[in-house]
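J.: take this sequence and fold it.
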Amino acid sequence: MKHTILTGITVFALALPIAGWSGKGGESAHNGNKDRGHSIQLGPRPFFLVQDMDQGSLKNKLESCEKGPFKRTNFSIGHRGAPLQFPEHTLESYEAAARMGAGIVECDVTFTQDKELVCRHSQCDLHTTTNILETPLAEKCSVPFQPAVLDAAGNLITPAVAQCCTSDITLAEFKSLQGKMDAANPRATSVTGYLKGTADWRTDLYATRGTLLTHKESIALFQKLGVKMTPELKSPSVPMPFDGFSQADYAQKLIDEYKEAGVRSSKVWAQSFDLADVLYWIQHEPDFGRQAVYLDGRYDDPAFDHRNPATWSPAMTQLVADGVKIIAPPMWMLLEIENGGIVPSRYAKAAKDAGLDIITWTFERDGPLTNGGDWYFQTLNGQNPNPVSPDAVINNDGDMYQALDVLAQDIGILGIFSDWPATVTYYANCMNLK
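T.: Got it, this is the predicted structure:
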């Protein structure tokens with residue numbers, strides 16, 4: 001997804017249902033039982049969150065499910081794998097997501113200097129997500145590391161900077177790198193210090209091994225793990241066409257690699273924030289376009305107000321007319337406060353009324369919610385309040401399940417991206433979501 005914090009139910013029974021969203025996981029599993037031959041292990045976090053919830057019927061329901069059984073579910077989508085604790089877009093992160101019951105896992109797709117597709121959240125994030133600055137390849141970075149400037153009192157004058165892009169290096173060079181937790185320390189005066197910026201609510205415990213993958217390798221891994229796939233075509237950070245590689249070539253190459261691997265289109269949800277990419281797939285690859293996901297990033301436009309339909313261009317009905325079937329906004333755009341409770345937003349209702357299915361993002365990305373969380377809960381924590389009902393309703397970690405319940409039961413989302421899929425897997429199984 002686009003937004004990054006360093007320092008997205010019942011499945012609809014439509015006349016033409018989303019083909020691959022059956023989520024049937026074979027035998028059920030709980031902490032070591034088998035699901036299609038793969039272990040589903042939730043660990044302690046979902047149980048911790050349920051215990052942290054306010055007393056009420058939802059807590060009672062979730063407590064009643066503590067003994068399982070649990071199985072893999074398409075409602076639980078591994079956002080970059082499981083980056084709450086594992087380096088994102090690595091073999092280890094993807095495997096962790098699958099073990100926690102994610103039925104769908106994401107590879108964000110960008111390209112190297114030799115125009116090969118790889119899994120990275122951004123074309124230019126290698127300086128925060130890998131060890132490139134500690135290797136000889138640092139010399140190839142678009143912006144070499146520049147240390148922070150501090151005054152005599154230790155006040156920050158100029159933050160440390162660097163920019164290293166996949167397009168700066170070849171595929172072979174990319175594969176020589178190691179993934180790390182996505183973070184940087186802007187006060188650093190050395191490369192070593194710059195790379196030590198992991199938030200205190202995350203961990204470097206699993207960052208000792210981060211195996212980077214090409215897009216093709218992610219496909220092979222996901223097939224082995226038995227999960228479905230949701231690649232996101234990332235916006236290039238270099239001018240296009242890049243050495244003759246056009247945006248259309250880029251969008252087509254992503255789909256071609258699934259076709260070459262023999263992956264059925266029903267197992268792939270291709271995503272993009274660029275509506276033109278989604279429309280390209282709808283027109284040129286209709287089998288894959290049928291499940292293409294329009295990631296709604298219009299919140300970056302000052303003229304856009306998710307509470308005011310007059311500012312939505314294109315309108316929900318126009319998206320449907322253009323062939324878009326799934327829209328994916330951040331979860332705060334779907335939620336509102338009314339009379340002290342969490343309810344579907346006007347945006348959510350309009351999307352459903354227009355006939356769009358909804359996926360949302362990103363659960364478990366705001367850190368502890370004791371103080372309301374941050375960007376992903378902004379309409380519920382007072383940062384982006386409803387003028388009619390401005391009170392905040394998020395004040396403990398367990399409150400995230402209250403928000404998830406509205407997304408699932410009242411809005412009917414198809415699924416949600418999570419940085420720790422076990423949390424969503426627990427809820428989905430308890431509510432018998434597929």
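
J.: so which bits of the longest helix seen in the chain are buried?
T.: Counting by DSSP state H, the longest helix found in the chain is helix 247-260. Buried residues in helix 247-260, defined by neighbour count with 16 or more other Cβ atoms under 10 Å: Gln247, Asp249, Tyr250, Ala251, Lys253, Leu254, Ile255, Glu257, Tyr258. Bear in mind the C-beta positions are built from the backbone N, C-alpha and C, glycine included.

J.: what is the least confident helix or strand in the chain?
T.: Taking mean pLDDT, DSSP states H and E as the measure, strand 34-35 is the helix or strand of the chain with the lowest mean score, a mean of 46.

J.: returning to what we had before: which two among the buried residues of helix 247-260 are spaced furthest apart?
T.: Gln247 and Tyr258 (18.4 Å; Cβ to Cβ).

J.: tell me the SS of the closest residue to Tyr426 other than its chain neighbours?
T.: Among residues not flanking Tyr426 along the chain, Pro46 sits closest, at 3.5 Å (Cβ to Cβ, 6 or more residues apart in numbering). Look at Pro46: counting by DSSP: H, G, I helix; E, B strand; the rest coil, its state is helix.

J.: gap between Pro46 and Met431?
T.: 13 Å (Cβ to Cβ, to the nearest Å).

J.: equivalent analysis for Leu275, please.
T.: For Leu275, the distance to Met431 - Cβ to Cβ - is 32 Å.

J.: work out for me the element Ala403 sits within.
T.: Taking DSSP states H and E as the definition, Ala403 sits inside helix 399-405.

J.: ugh, wrong one, I meant Thr317
T.: With DSSP H and E as criterion, Thr317 is part of helix 316-321.

J.: what sits up against that helix?
T.: With Cβ atoms under 8 Å, 6 or more residues apart in numbering as the contact definition, helix 316-321 has outside contacts at Tyr294, Pro309, Ile327, Ala350, Ala351, Asp353, Ala354, Gly355, Leu356.

J.: average model confidence for stretch 210-225?
T.: The average pLDDT for stretch 210-225 rounds to 99.

J.: flag every buried residue along that stretch.
T.: 210-219, 221-222, 225.

J.: and stretch 118-126, by the same measure?
T.: Val118, Cys119, Arg120, His121, Ser122, Gln123, Cys124, Asp125, Leu126.

J.: got it, and stretch 425-434?
T.: Neighbour-count burial for stretch 425-434 [16+ other Cβ under 10 Å]: Thr425, Tyr426, Tyr427, Ala428, Asn429, Cys430, Met431, Leu433, Lys434.

J.: repeat for stretch 329-343
T.: Pro329, Pro330, Met331, Trp332, Met333, Leu334, Leu335, Glu336, Ile337, Ile342, Val343.

J.: from the chain's centre, how far out does that stretch sit?
T.: 19 Å (Cα atoms, centre = their mean, to the nearest Å).

J.: that stretch spans what distance, first to last residue?
T.: 16 Å (Cα to Cα, to the nearest Å).

J.: again with stretch 267-279
T.: Note: stretch 267-279 ends 19 Å apart using Cα to Cα.

J.: next one: stretch 85-94
T.: 12 Å.

J.: ok, now stretch 89-105?
T.: 10 Å.

J.: flag the shaky bits of this structure, pLDDT-wise.
T.: Residue ranges of the chain with pLDDT under 70: 1-39.

J.: repeat that for 90
T.: 1-39, 388-389, 391, 434 (pLDDT under 90).

J.: quickly run through the sheet partners of whichever helix or strand comes after the helix holding Ala403, with directions.
T.: Where DSSP H and E defines the elements, the next helix or strand beyond helix 399-405 is strand 415-418. Here strand 415-418 has these sheet partners by DSSP bridges: strand 73-78 (parallel), strand 357-363 (parallel).

J.: list the contacts of the helix or strand just after the longest helix of the chain.
T.: Going down the chain from helix 247-260, the next helix or strand is strand 271-272, by DSSP H and E. By Cβ under 8 Å, 6+ apart, the surrounding residues in contact with strand 271-272 are Glu106, Thr230, Pro231, Glu232, Leu233, Ala251, Val278, Ala292, Val293, Tyr294, Leu295, Ala328.

J.: again, 10 Å this time
T.: Strand 271-272 is contacted from outside by 1, 8, 106, 108-109, 230-235, 251, 254, 277-281, 291-295, 297, 326, 328, 359, 361, 417, using Cβ atoms under 10 Å, 6 or more residues apart in numbering.

J.: what about those residues, which are in helices?
T.: Those of the contacts of strand 271-272 lying in helices (DSSP H): Ala251, Leu254, Asp277, Val278, Leu279, Tyr280, Trp281.
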